[in-house]
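1. I would like the atomic coordinates for the input below:
(one chain, ligands or ions: 1)
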Amino acid sequence: MTTPAAATDLAQTDDVEWAVRLLAATPTHEGRDPRMLRQWALTADAFGSRLAPVACTARVVERDGGLEEGLLARYTSRPPTVELFNDAIALAERVVDARRWRDWYPPGSVRAAALAHEAVHAHLHHGPARAALKRALGHTALRLGRLRVPGHVAGAEEVAAHAYARTVCGLGRSPLLLTAALAAEARAGAVTRPGSTPPRNRDARREN
Ligand SMILES: [Zn+2]
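-> Just a heads-up that it's a prediction; the model follows:
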């Protein structure tokens with residue numbers, strides 16, 4: 001596992017900054033003004049943390065294979081299904097212990113957070129909340145005279161889903177910090193097999 005110094009460094013970066021980094025690493029945001037990204041990160045985080053509790057009505061399937069796919073969980077819409085990857089969730093729980101982050105992520109909270117996160121994707125996919133998030137972000141993609149067409153901010157839904165999971169699961173820190181630690185573990189090659197990708201607390205696609 002990584003050194004205590006490296007563990008300290010990750011935790012010293014605050015949750016909003018991790019959200020900014022997620023947005024910055026998302027295609028379409030190359031060269032975007034960092035102040036704009038920070039504003040979007042704050043807005044998406046606030047949106048997610050204020051969402052009313054969302055029941056997960058999708059079918060839940062538990063299986064392994066998350067380490068190979070680099071995923072903790074995934075939502076797919078046809079039919080509405082949440083896949084939870086037990087192997088990647090177990091690794092995340094070990095990382096929490098190794099980094100002494102139990103106060104932030106109680107036992108079992110990785111699974112609960114992954115489920116909550118994917119429930120938000122399902123909620124945004126099927127309801128009016130996606131438009132509400134767009135309005136909150138206020139990004140204008142297209143201006144036709146006085147008509148403003150709200151633009152899509154890639155990654156914002158992801159930030160909102162993490163913020164929701166942090167809030168409803170009562171976590172001390174965002175799951176974004178944990179995903180950063182998992183990525184560090186994968187890069188170090190200390191836990192996962194060489195060549196495997198870091199588990200993310202996000203979905204490969206279609207409901208990013
Ligand atoms: Zn996601």
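2. and V82, which of the three is it?
-> Of the three states, V82 takes strand according to DSSP: H, G, I helix; E, B strand; the rest coil.
3. now swap in P27 and tell me
-> Classified using three-state DSSP, P27 is coil.
4. thought it was touching H152?
-> No. At 11.8 Å, P27 does not count as touching H152 under the criterion of CB atoms under 8 Å. Every C-beta, even on glycine, is put in place using the N, C-alpha and C of the backbone.
5. so which of these two has more stuff around it?
-> Remark: of P27 and H152, H152 carries more neighbours, 14 against 7, as counted by other CB atoms under 10 Å.
6. host element of that one?
-> Using DSSP states H and E, H152 falls within no helix or strand.
7. ok, it to the ion distance?
-> The gap separating H152 from the ion is 15 Å, by CB to the ion, to the nearest Å.
8. ok, that residue touching K134?
-> Yes. The pair H152 and K134 passes the contact test of CB under 8 Å, sitting 7.0 Å apart.
9. all the strands of the chain, in order from the start?
-> 59-63, 73-77, 80-85, 140-144, 147-150 (DSSP state E).
10. give me phi/psi at R146?
-> phi -90, psi 0 (degrees, to the nearest 10).
11. that one: neighbour count?
-> 5.
12. and it, what pLDDT?
-> R146 is assigned 73 on the pLDDT scale.
13. what sits against the residue lying farthest from the centre of the chain?
-> For the chain, the residue at maximal distance from the C-alpha centroid (CA atoms, centre = their mean) is G145, at 36.1 Å. If a contact means CB atoms under 8 Å, 6 or more residues apart in numbering, then G145 has no contacts.
14. a markdown table please, covering the strands of the chain and showing distance to A92 and mean neighbour count.
-> Shown next, in a markdown table, are those (distance: least, CB to CB, whole Å; neighbours: other CB atoms under 10 Å):
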| stretch | distance to A92 | mean neighbour count |
| --- | --- | --- |
| strand 59-63 | 14 | 12 |
| strand 73-77 | 11 | 22 |
| strand 80-85 | 10 | 20 |
| strand 140-144 | 35 | 9 |
| strand 147-150 | 34 | 12 |
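15. so which of the ones you listed is nearest the ion?
-> Closest approach to the ion among the strands of the chain (CB to the ion): strand 73-77, 7.1 Å.
16. parallel or antiparallel, which strands does the closest one pair with?
-> Paired neighbours of strand 73-77 in the sheet (DSSP bridges): strand 80-85 (antiparallel).
17. does L115 touch V60 like I think?
-> Yes. Using CB under 8 Å, L115 makes contact with V60 at a distance of 7.1 Å.
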